[in-house]
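Novice: Okay, predicted coordinates and the sequence, questions at the end:
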Amino acid sequence: MEDRVILHCDCNGFFASVEILSNPELAAVPMAVTGDPASRHGIILAKNDLAKARGVVTAETIWQAKAKCPDLVCVLPHYERYVEISHRINAIYLEYTDLVDPFGIDESFLDVTGSLKLFSLTPKELADLLRRRVREEIGVTISVGVSFCRVFAKLGSDYKKPDATTVFDRENYREKIDPLPVEAMLFAGKRTAKTLLSLGILTIGDLAAADRHLLNVRLGEAGDTLWRYANGLDDEPVRSYFDRPAPKSVGKGMTFRRDIHGEAEIRAGLFSLAESVAVRLRAAQRKCTVVQLQVKNANFNTVQRQCTLPRATWLQKDIAEAAMKLARAAGCMQTPIRTLTVTAAGLVGSGEGEEQLTMFDSSHEKDRRQEAVEDAMAKIRQKHGRGSITLGCYENPEIGVTKKEE
């Protein structure tokens, strides 16, 4: 049976690279994309090569990074721009195969087994072509791993950076991969690596040669999976870009610049979150039948509540009002709150989950009017910016937010 040809394309310093596209002067200074210190998310999200050379690493705090690099330039993230560039990069990949499976915003797996003959290219030549096109047409660089399975292709994209192609084939993979530290293996986190170390397993070669039964006893199913991965026994398919499963839920979270307190500020936060959730539901052509609320107070204690809606909806107003009822029921109105998260769950198609209406029921017509209002507002925001128009019931500029998407 012929081996598959799998590519793993990974953008180099993606967030930082996109920021440099917008402001080329940042390429000449040590720069990092960071969370906002004022919103208590002051960590390094990404950095350029100059910052990396000064010892700045992802996920450390800003003050730690500036202790190493006092002249570090910190830039706030622009997630909408990152999504746009990600879509453009994947569009290039799709010119060569429809089997493009995004693995996060800045990396994708490609199965080009059936495509190579169409383009008369070797796997390495196609990888080099993709690197050149993304660099010249988009302005960022990618590293590409080429192998016969997904897990080794991902190891290849990490093997040499930036802007490089690495091939792990049947002839060289044991020589190249076996000496790598076991932490380099996909899904081998710190805790797992510590357990493996206690078994004398330091490298991927050690893992491949380990007793499979022992790994299963010590790590359960994860141990068996790691053993298979280390031996190249990864047959997970690369899904079509156009055949990805519909989302099971859509959520948005906020961590506030200061703890919020009272109904007015909670309402402001919840309506803002519901706006983002509603926009994403409409984009996915899904409606929710369940609203979930997660609240983290100033002491980092977390409360979660959910409710089932009387009918499926993608309206901001419905989602926000359901979240407000949950907040009241959870006794949040008099509690200082650090973080709120609203999630729309129980998703159904846009035509499903509707109530059976009677001739005297005006709720359907009200929903249609509200939907028209929210659609018009979304178009205005898309053209003129988020702050150009809002529902008057919820805007509160004093509290400020940092958002996270789920």
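Specialist: Ah, there it is. Numbers count the residues shown, from 1 in each chain.
Novice: Can you tell me what sits against stretch 205-213?
Specialist: Residues from elsewhere that reach stretch 205-213 (CB atoms under 8 Å, 6 or more residues apart in numbering): 174, 177-179, 182, 185, 196, 199-201, 215, 224, 226-227, 230-231. Placement of C-beta: from N, CA and C, glycine included.
Novice: Show me what counts as buried in that stretch.
Specialist: 205-208, 210 (16 or more other CB atoms under 10 Å).
Novice: if we can go back for a sec, out of the contacts of stretch 205-213, which one sits closest to Val144?
Specialist: Ile177 (16.3 Å; CB to CB).
Novice: Can you report how many residues neighbour the residue lying closest to that closest one once chain neighbours are set aside?
Specialist: Closest residue to Ile177 apart from its sequence neighbours, by CB to CB, 6 or more residues apart in numbering: Ile204 at 5.4 Å. Using other CB atoms under 10 Å, Ile204 is surrounded by 27 other residues.
Novice: same question, Leu118
Specialist: 10.
Novice: where do the strands sit along the stretch 1-150 of the chain?
Specialist: 6-11, 31-34, 44-47, 73-75, 100-102, 107-111, 142-147 (DSSP state E, counting those that start in this stretch).
Novice: how about those strands in TSV, adding mean neighbour count, mean pLDDT and distance to Cys307?
Specialist: Formatted as TSV, the strands of the stretch 1-150 of the chain follow (neighbours: other CB atoms under 10 Å; pLDDT from 0 to 100; distance: least, CB to CB, whole Å):
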stretch	mean neighbour count	mean pLDDT	distance to Cys307
strand 6-11	26	98	40
strand 31-34	26	92	37
strand 44-47	22	89	34
strand 73-75	18	93	40
strand 100-102	22	94	32
strand 107-111	23	97	37
strand 142-147	27	98	44
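Novice: Quick one, which of those strands gets closest to Gln285.
Specialist: Using CB to CB, the nearest of the strands of the stretch 1-150 of the chain to Gln285 is strand 100-102, at 19.1 Å.
Novice: which stretches of the stretch 201-350 of the chain form strands?
Specialist: Here the stretch 201-350 of the chain has its strands, by DSSP E, counting those that start in this stretch, at 249-260, 286-297, 302-313, 337-345, 348-349.
Novice: Need the ones you listed in a markdown table (columns: distance to Ile138).
Specialist: Output for these, formatted as a markdown table (distance: least, CB to CB, whole Å):
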| stretch | distance to Ile138 |
| --- | --- |
| strand 249-260 | 28 |
| strand 286-297 | 30 |
| strand 302-313 | 38 |
| strand 337-345 | 32 |
| strand 348-349 | 34 |
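Novice: Find the one among those strands with the highest mean neighbour count.
Specialist: For the strands of the stretch 201-350 of the chain, the largest average neighbour count (mean count of other CB atoms under 10 Å) is found in strand 337-345, namely a mean of 23.
Novice: strands paired with that strand, and their directions?
Specialist: Sheet partners assigned to strand 337-345 using DSSP bridges are listed as strand 249-260 (antiparallel), strand 286-297 (antiparallel).
Novice: Quick one: these as CSV, columns for distance to Asp3 too.
Specialist: Formatted as CSV, the strands paired with strand 337-345 follow (distance: least, CB to CB, whole Å):
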stretch, distance to Asp3
strand 249-260, 37
strand 286-297, 38
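Novice: Mean pLDDT added to those, as CSV?
Specialist: Rendered in CSV, the data for these read as follows (pLDDT from 0 to 100):
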stretch, mean pLDDT
strand 249-260, 85
strand 286-297, 94
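Novice: Go through these and name the closest to Ala59.
Specialist: Using CB to CB, the nearest of the strands paired with strand 337-345 to Ala59 is strand 249-260, at 16.2 Å.
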